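Undergrad: Let's see this in three dimensions:
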Amino acid sequence: MELLFVTVIGAALGLGVRYGAPGRDTHGLLLIPAIAAAATAATWVLLLWLGFTFDGGWIWVFSLVIGPGVALAFALLLPPRRRAADDALLARLMAPGGMPAPARSA
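TA: Next up is the predicted model:
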């Protein structure tokens with residue numbers, strides 16, 4: 001049950017990360033919260049395997065710091081990559097000949 005709680009809290013913190021980080025126009029609404037939820041849940045499970053107890057305070061602290069931290073890293077790394085990919089695609093589309101037409105199936 002605690003895994004569910006920590007995952008929902010991690011997703012909520014990820015939503016805050018999404019709106020606090022620059023470049024949110026380059027990715028979807030739920031991408032950063034989903035990354036935060038997944039990283040929080042993975043951290044929780046890993047710490048349980050390492051011997052932390054679910055009723056201890058440190059497992060909560062580590063999970064709720066690492067999960068949104070991973071989401072913040074993605075929120076900062078994705079916009080420049082997306083803009084570079086968009087610029088490369090635009091350059092390819094604007095080049096003489098543009099993109100080839102899709103192949104027609106028989």
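
Undergrad: Tell me, how many residues neighbour the closest residue to residue 70 other than its chain neighbours?
TA: Excluding the flanking residues, the one nearest residue 70 by Cβ to Cβ, 6 or more residues apart in numbering is residue 39, at 3.9 Å. For glycine as for every other residue, the C-beta is placed from the backbone atoms N, C-alpha and C. Neighbourhood size, residue 39 [other Cβ atoms under 10 Å]: 22.

Undergrad: For the strand or helix carrying residue 39, the averaged confidence score.
TA: Using DSSP states H and E, residue 39 sits in helix 31-49. For helix 31-49, the mean pLDDT works out to 97.

Undergrad: Run through the neighbouring helices and strands of that helix.
TA: Under the contact criterion of 3 or more Cβ pairs under 8 Å, 6 or more residues apart in numbering; DSSP states H and E, helix 31-49 touches helix 2-20, helix 57-94.

Undergrad: Return the shortest one as PDB; C-alpha atoms alone will do.
TA: Taking Å, rounded to 0.1, in the frame of the first residue of the first chain, the C-alpha atoms of helix 2-20 are listed here in PDB:
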ATOM      1  CA  GLU A   2       2.900   2.400   0.800                       C
ATOM      2  CA  LEU A   3       4.200   1.800  -2.700                       C
ATOM      3  CA  LEU A   4       1.000   3.200  -4.100                       C
ATOM      4  CA  PHE A   5       1.100   6.200  -1.800                       C
ATOM      5  CA  VAL A   6       4.800   7.000  -2.600                       C
ATOM      6  CA  THR A   7       4.100   6.600  -6.300                       C
ATOM      7  CA  VAL A   8       1.200   9.000  -6.300                       C
ATOM      8  CA  ILE A   9       3.100  11.600  -4.200                       C
ATOM      9  CA  GLY A  10       6.100  11.200  -6.600                       C
ATOM     10  CA  ALA A  11       3.800  11.800  -9.600                       C
ATOM     11  CA  ALA A  12       2.400  14.900  -7.900                       C
ATOM     12  CA  LEU A  13       5.900  16.200  -7.300                       C
ATOM     13  CA  GLY A  14       6.700  15.400 -10.900                       C
ATOM     14  CA  LEU A  15       3.800  17.600 -12.000                       C
ATOM     15  CA  GLY A  16       5.300  20.400 -10.000                       C
ATOM     16  CA  VAL A  17       8.700  19.800 -11.700                       C
ATOM     17  CA  ARG A  18       6.900  19.900 -15.100                       C
ATOM     18  CA  TYR A  19       5.600  23.400 -14.300                       C
ATOM     19  CA  GLY A  20       8.700  24.600 -12.600                       C
END
